[in-house]
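Novice: all I have is the shape, not the residue letters:
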Ligand SMILES: Nc1ncnc2c1ncn2[C@@H]1O[C@H](COP(=O)(O)OP(=O)(O)OP(=O)(O)O)[C@@H](O)[C@H]1O
Ligand SMILES: O=C(CO)[C@H](O)[C@H](O)COP(=O)(O)O
């Protein structure tokens with residue numbers, strides 16, 4: 001017998017064999033219709049042993065990730081999807097310039113797709129892509145709301161190669177939707193839909209160093225043009241992007257090291273994980289003793305360190321009037337396999353087995369930031385998001401009398 005998925009939005013057509021209790025449930029919700037799925041194919045008139053619901057019961061969990069361009073969003077996304085297993089790929093057979101990445105559990109959509117003005121339009125009006133006037137927040141809200149409610153949408157695509165808005169692509173509701181980009185926490189209506197939000201706060205010195213590395217070394221831009229582009233974006237960045245960090249549940253701050261005087265090349269970094277207290281389904285990670293204030297230099301017999309060493313700090317603080325816990329790491333790891341020593345002293349990591357953080361870091365040792373706090377804290381936030389998702393799922397199953405699950409094929413907005 002096949003597993004049945006109920007679609008609440010199509011016309012009555014099927015004769016799945018369902019229990020009287022399930023029929024009553026369907027009638028109660030005025031759900032008239034259901035198709036059966038087997039091996040991910042929708043078939044009609046098949047008999048089914050189990051029922052799950054495509055809409056109504058299972059909600060998509062929505063995560064916001066805000067940062068300026070070139071601040072490590074893509075790298076973070078790769079770490080996050082890896083925590084859930086499976087690779088993230090652009091929609092199959094779609095626009096090769098799609099900004100979307102889909103894996104078994106997650107769909108990552110880029111807020112650049114909600115630019116209302118294309119490159120020429122922005123030039124004509126004299127506004128940057130960071131300016132709210134260049135973005136369609138009404139559509140962003142409608143789409144995120146629809147997906148959260150289990151309804152597929154036709155989302156526009158901003159083509160970064162041509163600078164034009166391409167024909168839309170279909171986005172099906174996933175288990176976890178990540179909205180990443182410049183403005184995921186800008187509009188209060190969209191903010192309200194987020195189950196968890198992260199801001200990557202990269203200091204100007206480090207942003208500059210990373211931009212040089214990528215845009216000069218990899219894309220052939222000149223030093224002057226990189227400087228000019230950062231300067232041109234700064235007023236709008238300060239006005240519209242940076243303020244979003246006050247709404248984030250977790251902020252990863254990346255700063256120059258304090259271990260070497262005047263080092264601003266971004267080779268050694270001081271990274272701070274700011275975690276809001278009192279967020280539903282999220283309990284901050286701590287070092288040694290929850291709520292205490294301490295510094296720890298782990299370079300001893302169990303952790304190889306070369307100059308300038310590694311220094312961890314942990315403690316409570318306030319951030320935009322919110323109570324937070326802050327975990328900080330300054331310096332870089334010499335040997336990633338020894339990270340297990342540090343992992344052993346961190347608690348509330350939401351790992352599923354001993355050494356999972358170290359395993360994830362070793363798996364992606366080629367990603368930027370793998371030898372410092374950026375990689376470590378991105379991995380930890382990824383694990384916390386998995387935990388948050390599992391808690392929300394568990395709660396929704398308790399609330400629902402019938403098994404909830406996601407499936408393809410709901411109404412398209
Ligand atoms: N943790 C890190 N440590 C060192 N360099 C980094 C780190 N994260 C990112 N970078 C550098 O910044 C560049 C941009 O990273 P990434 O593509 O992840 O950012 P992004 O925010 O997705 O950028 P965009 O929005 O422009 O696509 C990388 O090519 C790399 O050079
Ligand atoms: O900040 C950006 C995205 O993160 C881009 O500058 C914005 O989307 C405009 O893109 P393009 O430079 O391709 O026209």
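Specialist: The structure has been received and is ready for your questions. Please read all numbers here as calculations on a predicted model, not as lab measurements. Ligands and ions are numbered 1, 2, ... in the order given.
Novice: just how off-centre is the biggest helix by length in the chain within its chain?
Specialist: The helix of greatest length in the chain, counted in residues with DSSP state H as the criterion, is given as helix 373-399. Helix 373-399 has its average C-alpha position 11 Å from the chain's average C-alpha position, going by CA atoms, centre = their mean, to the nearest Å.
Novice: what of stretch 346-365?
Specialist: Taking CA atoms, centre = their mean, one finds stretch 346-365 lying 18 Å from the centre of the chain it belongs to.
Novice: try stretch 92-107
Specialist: Average the C-alpha atoms of stretch 92-107, do the same for its chain, and the two points are 15 Å apart (CA atoms, centre = their mean).
Novice: kindly report the same for stretch 232-249.
Specialist: On the basis of CA atoms, centre = their mean, stretch 232-249 is displaced by 18 Å from the centre of the chain it belongs to.
Novice: show me what counts as buried in it.
Specialist: For stretch 232-249, the neighbour count (16 or more other CB atoms under 10 Å) marks 233, 236, 237, 240, 241, 244, 245, 247, 248, 249 as buried. Quick note: C-beta positions are derived from backbone N, CA and C, even for glycine.
Novice: what ranges of the stretch 51-200 of the chain fall below the confidence cut-off?
Specialist: Using pLDDT under 70 as the threshold, the predicted model of the stretch 51-200 of the chain has low-confidence ranges 51-58.
Novice: quick one, strands of it?
Specialist: When assigned using DSSP state E, counting those that start in this stretch, the strands of the stretch 51-200 of the chain occupy the ranges 61-66, 101-102, 106-110, 153-158, 165-171, 176-181, 196-202.
Novice: please produce JSON lines containing these, extended by mean neighbour count and distance to ligand 2.
Specialist: Putting the strands of the stretch 51-200 of the chain into JSON lines (neighbours: other CB atoms under 10 Å; distance: least, CB to the nearest ligand atom, whole Å) gives the following:
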{"stretch": "strand 61-66", "mean neighbour count": "26", "distance to ligand 2": "11"}
{"stretch": "strand 101-102", "mean neighbour count": "22", "distance to ligand 2": "15"}
{"stretch": "strand 106-110", "mean neighbour count": "25", "distance to ligand 2": "8"}
{"stretch": "strand 153-158", "mean neighbour count": "20", "distance to ligand 2": "6"}
{"stretch": "strand 165-171", "mean neighbour count": "16", "distance to ligand 2": "11"}
{"stretch": "strand 176-181", "mean neighbour count": "25", "distance to ligand 2": "6"}
{"stretch": "strand 196-202", "mean neighbour count": "25", "distance to ligand 2": "12"}
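Novice: who are the packing partners of the longest helix of the chain?
Specialist: With contacts defined as 3 or more CB pairs under 8 Å, 6 or more residues apart in numbering; DSSP states H and E, helix 373-399 has these neighbours: strand 61-66, helix 73-84, strand 196-202, strand 250-256, strand 269-276, strand 322-331, helix 356-363.
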